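Asker: mind looking at a prediction? Sequence and model below.
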Amino acid sequence: MTLVQLEYIIAVDTYRSFVAAAEHCYVTQPTLSMQIQKLEESLGAKIFDRSRQPVVPTEIGEKIVRQARVVLNESKKIEELLQEERGVISGELKLGVIPTVAPYLLPDVLTKMLQTYPQLQLQIWEYTTERIIQELKTGRLDCGILSTPLQEAGIEETELYYETFVAYVSEKSPLYEKKIVTADEIANEKLWLLNEGHCMRGQVLNICHYKHNQAAEGTFEYNTGSVETLKRMVDINGGITILPEMSILGYDEDQLNHVRYFKMPEPVREISLATTSNFVKKQAVNALKNEILAVVPERFKTKKKREVMGFDL
């Protein structure tokens, strides 16, 4: 049994295809198949059911692959120990970030990371929360930045900051005349929401206590995955949307005139760094956490007089 063979069976389990797994491992498909067959022969057990498409592990194969992930993960910690000894942070760090955080947090963080750790190769994907969890568990991501709490088995969360939700209000709305708004006041407004699958949608509905009145005059939902599109829809079509506070930090005076904060306790979302329980690359993940905390405003680092909004996956 070799680490390479374990890497191959993990790849087949992840991609459910011998061809795709071979491409991912940068070997030919016959080479990969031969090594997996050798492993099966040495173990005296079939790991994959090749008669099914896509390929799936057998009952014992699932247990073997699960243990292979643990073994391969632990083997990577040797390199981590060497890096720690040398005081160098290098290699790859694969990061998943939810789309409602990425454009507002990452630019400053990435600039600092690239300057401070030139030997570290960052690979970043914008994914939904559900996809980030899935990719973490299969080992295709090292860490994720997302909204929590998740209450997901096998996933560890390190809280980073608490981001206030604000209302972005049209000039045509009665709420435009108010300085502070409440959830009840939003209930009869035309509310622009993110698509299903975005955790922020659930948080917004929780802010409104599910009181959003679909029968209100002219009310309808335009579903989008973009926070900036929501703002634009309010500007053009009226109504209201809920935005994360980091998205308004670059607003000019005219745009800020449309922003209203909520009555205390302010609704916030908890943003955390998520990893698996037995994750490696601890130095790189720690460095990322420190750079995030360095760019986040100080007021985001406490949840005093704030209410963390939950959501369902």
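Answerer: Thanks, I have the structure now.

Asker: what's the domain layout of this protein?
Answerer: 3-81, 87-162+272-305, 163-267 (the TED database).

Asker: of all the ones you listed, which lies closest to Phe311?
Answerer: domain 163-267 (3.3 Å; Cβ to Cβ). C-beta here means a position set from N, CA and C on the backbone, and glycine is covered the same way.

Asker: can you add distance to Phe311 and mean pLDDT and give the domains of the chain back as CSV?
Answerer: Listed next are the domains of the chain as CSV, based on distance: least, Cβ to Cβ, whole Å; pLDDT from 0 to 100:
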stretch, distance to Phe311, mean pLDDT
domain 3-81, 27, 92
domain 87-162+272-305, 7, 91
domain 163-267, 3, 80
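
Asker: got these as TSV, with mean neighbour count columns?
Answerer: Shown next, in TSV, are the domains of the chain (neighbours: other Cβ atoms under 10 Å):
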stretch	mean neighbour count
domain 3-81	16
domain 87-162+272-305	17
domain 163-267	17
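
Asker: wait, isn't Cys208 in contact with Glu185?
Answerer: No. Assessed by Cβ atoms under 8 Å, Cys208 is found out of contact with Glu185, at 9.8 Å.

Asker: what segments of this protein are strands?
Answerer: 48-49, 56-57, 91-97, 120-126, 143-148, 155-169, 180-181, 191-192, 240-244, 259-262, 266-276, 306-308 (DSSP state E).

Asker: relative to Arg69, which of the ones you listed is closest?
Answerer: Nearest of the strands of the chain (Cβ to Cβ): strand 266-276, 9.3 Å.

Asker: report the contact partners of Gly239.
Answerer: Residues in contact with Gly239 (Cβ atoms under 8 Å, 6 or more residues apart in numbering) are 170, 173, 189-192, 233.

Asker: typo on my end, it should be Tyr15
Answerer: Counting by Cβ under 8 Å, 6+ apart, Tyr15 has contacts 21, 24.

Asker: and it, how far from Asn278?
Answerer: 22 Å (Cβ to Cβ, to the nearest Å).

Asker: can you give me the helices for the stretch 51-200 of the chain?
Answerer: 59-86, 102-116, 129-138, 183-186, 199-207 (DSSP state H, counting those that start in this stretch).

Asker: any chance of those in TSV, with distance to Val259 too?
Answerer: Shown next, in TSV, are these (distance: least, Cβ to Cβ, whole Å):
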stretch	distance to Val259
helix 59-86	44
helix 102-116	15
helix 129-138	26
helix 183-186	14
helix 199-207	15
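
Asker: Lys289 is nearest to which of these?
Answerer: Short answer: helix 102-116, nearest of those by Cβ to Cβ, at 10.1 Å.

Asker: quick one: closest of the helices of the stretch 51-200 of the chain to Glu159.
Answerer: Nearest of those (Cβ to Cβ): helix 102-116, 14.5 Å.

Asker: relative to strand 266-276, how tilted is the closest one?
Answerer: 50 degrees (axes from the mean of the first three to the mean of the last three Cα atoms, to 10 degrees).

Asker: please report how far the residue lying closest to Thr148 once chain neighbours are set aside lies from Met233.
Answerer: Among residues not flanking Thr148 along the chain, Ser272 sits closest, at 4.1 Å (Cβ to Cβ, 6 or more residues apart in numbering). When distance is defined by Cβ to Cβ, Ser272 is 29 Å away from Met233.
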